[in-house]
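Asker: I would like to see how this sequence folds:
(one chain, ligands or ions: 1)
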Amino acid sequence: MAMALRAASRVLLRAGSRLGRREAVDGARRFANKRVLVETEGAAGATRIAVMKFRNPPVNSLSLDFLTEFVISLEKLENDKSIRGVILTSDSLKRGNQTKVAATEKTEEKRATRDHGGRLQERPGIFSAGLDLLEMYGRNPAHYAEYWKAVQELWLRLYLSSLTLMSAINGASPAGGCLLAITCDYRIMADNPKYTIGLNESLLGIVAPFWLKDNYVNTIGHRAAERALQLGTLFPPAEALKVGVVDEVVPEDQVHSKTLSVMAKWLAIPDHSRQLTKTMMRKATADNLIKQREADIQNFASFISRDSIQKSLHMYLEKLKHKKG
Ligand SMILES: CC/C=C\C/C=C\CCCC/C=C/C(=O)SCCNC(=O)CCNC(=O)[C@H](O)C(C)(C)COP(=O)(O)OP(=O)(O)OC[C@H]1O[C@@H](n2cnc3c(N)ncnc32)[C@H](O)[C@@H]1OP(=O)(O)O
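Answerer: Now for the predicted structure:
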């Protein structure tokens, strides 16, 4: 009987919820959309934390679908009263037997790295490549408006989240990847000089929006942000630590365990006082966007539609496609 109940509950759990699959795995729980895997740790009834793993091959770019799934997953965690902390990280792992598919093949699927079984794979060592350039290039103004609204939504949800958010930065984190990280309450980065983090928009011929600039200023200070934004600086870990883009740099294989131990310290603080303090620190910055969201969307759609900006994006995409190594 007990076995039958367990089997039935496994079937129900795997039958899938409206938002995605939910499975029971070794006492931990997990749910997954196609592009975001969420694993929760901790016993039922006790405080639990969740790890949100990005898996949007090849480079975890913030496509419209990814943004939508991310917000749905975050909302689900916000509504789960047993969850108090969330770690953002990439599911991208160093894997063997990968083949980069020829750059001449155009579709999203074909652009991805695949294993020998033909399955799509993340490219290793990437936290997130930032906003999806293909959502901002060669589309129409209505698409740009829809996309920008989704970008704003993700930023607002993360920046104002009542949860303790930490990022375990296990790879490159340019532009929108850095955005994800700097919305968090704490950032831990892998000590690998190949990984860089920062807002490099100016190098693409585009400009970070004012609210992202404000988030950056709040994180690293006005002078450092002014310089880094104009130069589009991507900081390797040691420099990122020095300027304050990240709070700690640790050996790559310790990023997850270190983030868990820092999270435990943060969760020792009473929620209500920590949350009120966070709101006090962040509300004015978020309100600045909230009161002019529509104008910001229209600004973005018209800016990104300009021929000169489309040309810059085209050149940048070509450069990416033809880069060596
Ligand atoms: C109101 C406001 C008004 C105006 C504002 C206007 C504009 C606002 C802009 C807002 C802010 C923008 C933020 C952004 O995030 S822009 C994106 C910035 N991102 C980058 O510059 C990263 C570019 N990518 C890289 O540097 C490398 O790809 C990376 C991540 C280091 C990985 O390197 P590698 O492992 O070698 O992989 P490849 O370079 O070969 O890439 C694989 C494959 O992915 C494609 N790709 C890479 N990045 C993106 C991306 N961001 N979007 C879409 N596609 C991407 C790359 O072209 C390759 O494709 P291929 O076909 O060659 O396989």
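Asker: before we move on, what SS does Leu88 have?
Answerer: Using DSSP: H, G, I helix; E, B strand; the rest coil as the criterion, the local structure at Leu88 reads strand.
Asker: in what helix or strand does the residue nearest to it when sequence neighbours are not counted lie?
Answerer: Counting by CB to CB, 6 or more residues apart in numbering, Leu88 lies nearest to Ser167, which is 4.6 Å off, once chain neighbours are set aside. (Glycine included, C-beta is placed from N, CA and C.) Under the assignment given by DSSP states H and E, the secondary-structure element containing Ser167 is strand 164-169.
Asker: can you check Ala264 too?
Answerer: Secondary structure assigned from DSSP H and E places Ala264 in helix 255-267.
Asker: got the angle between that helix and strand 164-169?
Answerer: Taking axes from the mean of the first three to the mean of the last three CA atoms, to 10 degrees, one finds that helix 255-267 is oriented at 160 degrees with respect to strand 164-169.
Asker: For helix 255-267, what is the distance to the chain centroid?
Answerer: Shown here is helix 255-267, whose average C-alpha point lies 18 Å from the average C-alpha point of the whole chain (CA atoms, centre = their mean, to the nearest Å).
Asker: Report the next helix or strand after it in sequence order.
Answerer: The C-terminal neighbour of helix 255-267 among helices and strands, as given by DSSP H and E, is helix 271-290.
Asker: so does that next one get close to the ligand?
Answerer: No. Helix 271-290 does not reach the ligand (CB under 6 Å from any ligand atom); its nearest approach is 9.7 Å.
Asker: any residues touching stretch 266-274, and which ones?
Answerer: Taking contacts as CB atoms under 8 Å, 6 or more residues apart in numbering, the residues outside stretch 266-274 that touch it are Thr47, Ile49, Arg84, Gly85, Ser162, Thr164, Met166, Asp185, Tyr186.
Asker: mind running it again at 10 Å?
Answerer: Under the contact criterion CB atoms under 10 Å, 6 or more residues apart in numbering, stretch 266-274 has outside partners 47, 49, 84-85, 162-166, 185-186, 275-277.
Asker: and if you look at stretch 292-307?
Answerer: Looking at stretch 292-307 with CB under 10 Å, 6+ apart, the contacting residues turn out to be 135-137, 139-149, 151-153, 156, 206-207, 209-211, 288-290, 309-310, 312-313.
Asker: Trp148 contacts Leu62, doesn't it?
Answerer: No. The pair Trp148 and Leu62 fails to qualify as a contact (CB atoms under 10 Å) at a distance of 11.5 Å.
Asker: Show me which of those two is the more surrounded one.
Answerer: The neighbour comparison of Trp148 against Leu62 (other CB atoms under 10 Å) goes to Leu62, with 26 against 23.
Asker: Wait, Arg157 touches Lys76, no?
Answerer: No. Assessed by CB under 10 Å, Arg157 is found out of contact with Lys76, at 11.7 Å.
Asker: returning to that earlier point: which of the contacts of stretch 292-307 count as buried?
Answerer: With neighbours counted using 16 or more other CB atoms under 10 Å, the contacts of stretch 292-307 contain these buried positions: 135-137, 139, 144-145, 147-149, 151-152, 156, 206, 209, 211, 289, 309-310, 312-313.
Asker: Contact partners for the closest residue to Asp65 other than its chain neighbours?
Answerer: Setting aside the residues directly before and after it, Asp65 is nearest to Arg35 in space (CB to CB, 6+ apart), at 6.4 Å. Shown in contact with Arg35 (CB under 10 Å, 6+ apart): 20, 53-57, 60, 62-63, 65-70, 73, 91.
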